[in-house]
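Undergrad: next input, structure requested:
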Amino acid sequence: MRRGSVFWVNLEPASPPELGKVRPAVAVSNSVHNERLDSVVVVPLSAQPPEIWPFRVRVDVAGLKASFAVVPGIRQAHKGRLHELAGYVGREDLRRLDEALRVYLGE
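TA: Take a look at the predicted model:
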């Protein structure tokens, strides 16, 4: 599984403000981690606009309606929670998401 892949992920159980239900999420952990471990680090996607930098970042995924990566929703997910592949985030969108993660997780 490569970094930038978008899978449908079962995020239940969840408690507010966590995002729940089965929704698409972007794999942001590195590809080596994704191949070797039983989990991946994902950022859930939402269809609710607008972009709010650095908390919600617009990403385009072919086959999905307009999507926004919800950066505060970052979490580790066991691969058993992953369902079918929904697509991939493009290089420029992944670069913007990386920058948002750096800002959000930095000091």
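
Undergrad: how much space between the closest residue to Arg75 other than its chain neighbours and Leu11?
TA: Counting by Cβ to Cβ, 6 or more residues apart in numbering, Val42 is the residue found nearest to Arg75 once chain neighbours are left out, at 6.4 Å. Where you see a C-beta, it was placed from the backbone N, CA and C, and this is true even at glycine. Distance, Val42 to Leu11, using Cβ to Cβ, to the nearest Å: 9 Å.

Undergrad: just Glu51 next, same as before
TA: Spatial separation of Glu51 from Leu11 under the definition Cβ to Cβ is 21 Å.

Undergrad: okay, these two: which has more neighbours?
TA: Neighbour tally, Glu51 and Leu11, criterion other Cβ atoms under 10 Å: the higher count belongs to Leu11, 18 against 15.

Undergrad: wait, doesn't Leu64 sit right on Leu85?
TA: No - taking contacts as Cβ atoms under 8 Å, Leu64 lies outside contact range of Leu85: 11.6 Å.

Undergrad: give the residues shared as contacts by these two.
TA: Both Leu64 and Leu85 are in contact with Val6, where contact means Cβ atoms under 8 Å, 6 or more residues apart in numbering.
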